[in-house]
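**Student:** Pasting a predicted model and its sequence here:
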Amino acid sequence: MDELNKRERLKELYFKIKDCDKCELSKSRTKFVFGSGSACAEIMLVGEAPGKNEDLQGLPFVGQAGKLLDELLGSIGYKRSEVFIANVLKCRPPGNRDPKVDEVNICKGYLMEQIKIIDPKIICTMGRYSTQLLLNTDRGINGLRGRVYKMDNRIIMPINHPAAALYTPSRMDILRQDFQKIKNLIDSGGDLSCVNNEALNPENEVKTYKENKNEQLGLF
Ligand code: SF4
């Protein structure tokens, strides 16, 4: 699909779902948050759900976590406009509570449609919810982050959510290291041997793969 087509298809999707009222979050949201960035992005970053600022502005990652994300992207030579940023949920859970299972199940089709249209080479799942959804696992983020998985011919790399790293220096260090791994992956054109190996721990392998199609490429 060429760039124009992708943009048109994303626009169509936006107009189709922007007034969605399929779950209770439609009643409490201020603005629907579709996501933003390039329709032809090679990298897509997927968080959990809009927070307070995102809900007010209708854009993803606009608060402190967004500033950090911009800085991290800059550190690997990318602008926000060159990637696509989205969330699992398109509407803010009240009080920033965790997404409910039924909300994720109802909303996830929109994210899957975005991924299908944009067709990124790499998806960075930021935090537990997007990681568990896209790797179809119930394992925690700590055992999965920084590793590289393959799903439907694209790379999935779970990383910590920037909001979780803001006030925890150790998590910030890990996040910066993981962004360097992303850069290495991009520079290598997806050659996973370029990524520094960490101790292999079979306990941390993903055991369940979506429709048995996913294949873990390496443990990092
Ligand atoms: S969270 Fe998703 S399913 Fe629920 S109202 Fe918003 S767009 Fe619709």
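**Tutor:** That came through fine. These numbers were taken from a predicted model, which means no experiment stands behind them.

**Student:** CA only for contacts and neighbour counts going forward, please
**Tutor:** OK.

**Student:** which element is I123 on?
**Tutor:** Counting by DSSP states H and E, the element that carries I123 is strand 122-126.

**Student:** Repeat that for N105.
**Tutor:** helix 101-118.

**Student:** pretty sure Y167 is in a helix, no?
**Tutor:** No: under DSSP: H, G, I helix; E, B strand; the rest coil, Y167 sits outside any helix and is assigned coil.

**Student:** count of neighbours near it?
**Tutor:** Counted with other Cα atoms under 10 Å, the neighbours of Y167 add up to 10.

**Student:** partners of the strand holding I123 in the sheet?
**Tutor:** strand 43-47 (parallel), strand 154-159 (parallel) (DSSP bridges).

**Student:** who touches it?
**Tutor:** Identification of contacts with strand 122-126 by Cα atoms under 8 Å, 6 or more residues apart in numbering yields 42-48, 131, 134, 154-162.

**Student:** Give me every residue in this protein lying close to the ligand.
**Tutor:** C20, D21, K22, C23, L25, S26, L89, K90, C91, E103, I106, C107 (Cα under 6 Å from any ligand atom).

**Student:** Contacts for stretch 43-57 next, please.
**Tutor:** 29-33, 60-63, 83-93, 96, 99, 120-130, 161.

**Student:** hmm, which of those are the buried ones?
**Tutor:** Among the contacts of stretch 43-57, those scoring as buried are 29-33, 60-62, 83-93, 99, 120-130, 161 (criterion: 16 or more other Cα atoms under 10 Å).
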